[in-house]
Each structure stands twice: as C-alpha cells, then as structure tokens.
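S.K.: Fold the following.
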Amino acid sequence: MSAASRRARAPRRWTRRRSSRGCYRCWTGSRDGYPCPSLSTQPSLQWLAAGAAAVNDIHGLRAAPELATIAAERNAALIVMANLRGVVYQDVMQAVCAQLRHSCAVAAAAGVPAERVIIDPGFGFGPPPQDNLAMVRRLPELQQLSRPLLLGPSRKSTIGRVLGLPPAERLEGTLALVTLAVAGGADMVRVHDVRAVARATRMADAAVRGRLPEGAA
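M.R.: Residues are numbered from 1 along each chain as shown. Below is the predicted model:
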C-alpha cells in the first residue's frame, strides 16, 4: 500500500456549518467527503479516486496551479489558502487578500465554479501570533472575495503562546477562535475536536444569525 493510500484512511476532520451560501454537513468519521491535502498531480488524483471531495492546497495554486484543473475536471471543491511563510508584508489582511485574489483568478481560469472555491486566510502559516489574532478580528474583510470562507485555528501555536498550553490542552482556545470565526463570517472550520466544535459553532450560529433548530423557538 502506498504512503498516499495509507494517509487517505486517516485524514484531518472538518466541521461545516449551515451558512447563507448553502447547507453544509459535518465530516466526522467516513473517509468519503474528506479533502485531500495539497500534493502533486498524481497523488491528488489518487486521493480523489479514493473518495475525497475536495482538493486542499496550502499554497493557494501558486506552487501547483495544475491542481485547479484537476478540481475542475473531477467536479471537486477546491480549498485555496494564503500562505505568508517567508513573505514580507506591511498589513496581514492586505497580503492575505492579494494572495487569495490570485488563487481565485487561477481557479476561475481553470474552470472551477466560484461556489466551489473555498478561501482560507492561512491562520498559523507565517504570521506571528498578533497577526494571526488580527486575522480573526478582520475576517469580514474577506467577504469582498465572495467565496465560502474557512478558518483552521485548531490547536495552533498561537493558542499555545497566549494560554501557555501544549497542543493536547488547547480545546478551549480553539473553541474561542472558532466562535469568533463564525461571528466574523466563516462558513466552515478545520478542527481536531469535531463534536465539541460542532456544538460551539451551532450555538454561535444561533446567537449571531438567529438560526435555531426546528422546535427550539
């Protein structure tokens, strides 16, 4: 069995919530529906053949623009992330927006429908803690791109720096950040602790947008 095949059996879990852009489901255990990580062309095709529903590119199509063509041909969703590692910038959100605009343009040129392009500002991928936290505060600025918005703060080192905790003890910090992300317009979050985060995001959605489950009003 190839390394890619072994990894396909235990991918990162994701939580999606209901948003103004549509009804999202929670990926909690089945391999079907998981995104595949950003890889070269052949491994990405293998992941999609194994049941992945999205291509997740942490380089935002800058290193491998051909991933957009793969997503278009396979009718897969495409997650593009801003990555500021090694980038010199003055304003974190201006740098994030510039990268994501480029990613969206590459995806559009390859034929990926706008509603299937998910943008990720890249929490923890380059910026120092203060800029990662500013990114959360300024999430509404990404609405100008008119794409579904994802944030992945789960157990990140910024939480560890603020709370002085190791990764295994960062659940409360993660819950705080994903709740703020919902309030800031995030449509989905990438997490480790699915059940706890799903409950927190449903509660945040009810408070922020007034969305109550049937029978709760």
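S.K.: going forward, measure contacts between C-alpha atoms and count neighbours the same way
M.R.: Noted.
S.K.: who touches residue 183 in this structure?
M.R.: Shown in contact with residue 183 (Cα atoms under 8 Å, 6 or more residues apart in numbering): 204-205, 208.
S.K.: Ignore what I typed, I meant residue 41.
M.R.: By Cα under 8 Å, 6+ apart, residue 41 lies in contact with 66-67, 70.
S.K.: Now do the top helix by length along the chain, average pLDDT.
M.R.: The longest helix of the chain (DSSP state H) is helix 92-110. For helix 92-110, mean pLDDT rounds to 98.
S.K.: Return the distance of the following helix or strand past that helix from the chain's centre.
M.R.: Per DSSP states H and E, helix 92-110 leads on to strand 117-120 as the next helix or strand towards the C-terminus. Taking Cα atoms, centre = their mean, to the nearest Å, one finds the center of strand 117-120 at 7 Å from the center of the full chain.
S.K.: and what of stretch 173-187?
M.R.: Taking Cα atoms, centre = their mean, the mean C-alpha location of stretch 173-187 is offset from the chain mean by 12 Å.
S.K.: ok, and for that stretch, which residues are buried?
M.R.: Across stretch 173-187, burial judged by 16 or more other Cα atoms under 10 Å covers 173-175, 177-187.
S.K.: Relative to residue 148, which of those residues is nearest.
M.R.: Residue 148 has its nearest neighbour among these in residue 187, at 5.9 Å by Cα to Cα.
S.K.: what bridges to the closest residue to the closest one other than its chain neighbours?
M.R.: Nearest residue to residue 187, sequence neighbours excluded (Cα to Cα, 6 or more residues apart in numbering): residue 149, at 5.2 Å. Note on residue 149: beta-bridge partners by DSSP bridges are residue 119.
S.K.: contact partners of stretch 131-142?
M.R.: 92-93, 97, 121, 123-124, 149, 158, 177, 180-181, 184-186.
S.K.: With distance to residue 49 as extra columns, can I get the residues you listed in JSON lines?
M.R.: Output for the contacts of stretch 131-142, formatted as JSON lines (distance: Cα to Cα, whole Å):
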{"residue": "92", "distance to residue 49": "36"}
{"residue": "93", "distance to residue 49": "35"}
{"residue": "97", "distance to residue 49": "32"}
{"residue": "121", "distance to residue 49": "28"}
{"residue": "123", "distance to residue 49": "29"}
{"residue": "124", "distance to residue 49": "30"}
{"residue": "149", "distance to residue 49": "25"}
{"residue": "158", "distance to residue 49": "35"}
{"residue": "177", "distance to residue 49": "34"}
{"residue": "180", "distance to residue 49": "35"}
{"residue": "181", "distance to residue 49": "32"}
{"residue": "184", "distance to residue 49": "35"}
{"residue": "185", "distance to residue 49": "32"}
{"residue": "186", "distance to residue 49": "29"}
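S.K.: What is the nearest of those residues to residue 168?
M.R.: Nearest member of the contacts of stretch 131-142 to residue 168, counting by Cα to Cα, is residue 158, at 13.7 Å.
S.K.: list the helices and strands the one helix or strand the closest one maps to packs on?
M.R.: Taking DSSP H and E as the definition, residue 158 sits inside helix 157-163. If contacts are counted by 3 or more Cα pairs under 8 Å, 6 or more residues apart in numbering; DSSP states H and E, helix 157-163 sits against helix 129-137, helix 171-183.
S.K.: for the record, mean pLDDT for the last one?
M.R.: Put plainly, it is helix 171-183. On average, the pLDDT along helix 171-183 is 97.
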